[in-house]
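**Q** heads up, no residue letters with this:
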């Protein structure tokens, strides 16, 4: 199963918005969804500090700041 990971931090409204969009898409497109708190890991914090949320698909960066729904759909459909 394809894994989408959202790198986020607490109290990030863009992160909350991204998770809401991805949860809606998850029900339709069937993928695993994981949220990683960058404030809990120094390396992640350095890597993503100013770019959150960052969405990856199986480890490959796909979107940052906002979920580009068409891009997510295209990438997931190409993996079927």
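**A** Structure's in. What do you need? Here the structure is a predicted model, which means the values were calculated and not measured. Residues are numbered from 1 along each chain as shown.

**Q** ok, residues contacting the helix or strand bottoming out on mean pLDDT in the chain?
**A** Every helix and strand of the chain was ranked by mean pLDDT, DSSP states H and E. The lowest is helix 69-78, at a mean of 92. The contact list for helix 69-78, computed with CB atoms under 8 Å, 6 or more residues apart in numbering, reads 2, 4, 21, 22, 25, 29, 31, 55, 57, 62, 63. Just so you know, the C-beta spots here come from the backbone N, C-alpha and C atoms, and that holds for glycine as well.

**Q** Just the buried ones from the residues you listed?
**A** By neighbour count, with 16 or more other CB atoms under 10 Å, those hold 4, 21, 22, 25, 29, 31, 55, 57, 62, 63 as buried.

**Q** nearest to residue 41, of the residues you listed?
**A** Distance to residue 41, by CB to CB, is smallest for residue 55 among these, at 17.2 Å.
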